[in-house]
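Asks: Here is a sequence together with a model predicted from it:
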Amino acid sequence: MRINVLYKGVLVAVTLCVAPAALPAAPRAGQPGADRVESGKGAFAINASNLLQEVQIDAFRVRDNAEQLQEQLRIPSQNDWMSDGDLLERVRDRVNEMDKLLSQLRENQAAASPWQQKAIERIAPSVVNLTDTTQAAIVTLNDNHGRVGLSDLPGLARDISDRASQIVRATGDFERYANARHELRQLEQTLELKGS
């Protein structure tokens, strides 16, 4: 891994994060481990909701930092590659955390509820793209200290913000779906409609 040092001693890794983990095959009924998956489904479904919520929070923060970076890059007097590097470092740290959370979700995807599995499938490409775009932004910043405003960095910052917004929207949509299903089940029980 090649590492460049930004002024102020801030280390920015050119190669980022964890590579997304391969999806494990779920054991089928009668195979070793199938009973463990079944018994752990409820606990992981709750944990998956918490992990998806953490991904959403990190995506909010990434979006905010990327928007700050865009604003700094628009105003030439504020165009300081050191502060740009600080913002990108915050973005990188959050994206690394999102990669870790996604890996946990993927490792246990078979134990997640169907809507959670769909949420994982929906956000995974955006997280991977966010990782790649963040890496490209870091490389661009490191290669263009004196000409940051003239580089590809403004477009990359916009792409980071857009990808983070997609993740925020997707996780929010799935969370609203889960809440609506829960409310529907409660109403069915209250009205004794279940099974009619």
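Replies: Happy to help now that I have it.

Asks: pLDDT weak spots in the chain?
Replies: 1-42, 76-79, 146, 148-150, 194-196 (pLDDT under 70).

Asks: biggest helix in it by residues?
Replies: helix 34-74 (DSSP state H).

Asks: What is the next helix-or-strand element following that helix packed up against?
Replies: Later in the chain than helix 34-74, the nearest helix or strand by DSSP states H and E is helix 81-107. Helix 81-107 is packed against strand 11-13, helix 34-74, helix 114-143, helix 153-190, with contacts defined by 3 or more Cβ pairs under 8 Å, 6 or more residues apart in numbering; DSSP states H and E. Glycine gets a C-beta too; all of them are placed from N, C-alpha and C.

Asks: Which elements pack onto the second one?
Replies: Applying 3+ Cβ pairs under 8 Å, 6+ apart, one finds that helix 34-74 contacts helix 81-107, helix 114-143, helix 153-190.

Asks: Could you rerun that using 6 Å?
Replies: Here helix 34-74 touches helix 81-107, helix 153-190, going by 3 or more Cβ pairs under 6 Å, 6 or more residues apart in numbering; DSSP states H and E.

Asks: so of these, which one's packed in deepest?
Replies: Of the helices and strands packed on helix 34-74, the one with the most neighbours on average (mean count of other Cβ atoms under 10 Å) is helix 81-107, at a mean of 20.

Asks: before we move on, back to that, using a markdown table, lay out the helices and strands packed on helix 34-74 together with distance to residue 52.
Replies: Converted to a markdown table, the helices and strands packed on helix 34-74 look like this (distance: least, Cβ to Cβ, whole Å):
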| stretch | distance to residue 52 |
| --- | --- |
| helix 81-107 | 7 |
| helix 153-190 | 5 |
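
Asks: Out of those, the one nearest residue 44 is which?
Replies: Closest to residue 44 of the helices and strands packed on helix 34-74 is helix 81-107 (Cβ to Cβ; 9.4 Å).

Asks: centre of the chain versus the closest one, how much separation?
Replies: 8 Å (Cα atoms, centre = their mean, to the nearest Å).

Asks: Would you mind stating the distance between residue 158 and residue 63?
Replies: 11 Å (Cβ to Cβ, to the nearest Å).

Asks: isn't residue 160 right next to residue 133, touching?
Replies: Yes: in terms of Cβ atoms under 6 Å, residue 160 counts as a neighbour of residue 133; the distance is 5.3 Å.

Asks: list residues touching both of the two?
Replies: Counting by Cβ atoms under 6 Å, 6 or more residues apart in numbering, no residue touches both residue 160 and residue 133.

Asks: closest to residue 88 out of the helices and strands packed on helix 81-107?
Replies: Taking the helices and strands packed on helix 81-107 one by one with Cβ to Cβ, helix 114-143 is closest: 5.6 Å.

Asks: And that closest one, what does it pack against?
Replies: Contacts defined by 3+ Cβ pairs under 6 Å, 6+ apart place helix 114-143 against helix 81-107, helix 153-190.

Asks: quick one: which of the ones you listed is nearest residue 126?
Replies: Using Cβ to Cβ, the nearest of those to residue 126 is helix 153-190, at 4.9 Å.
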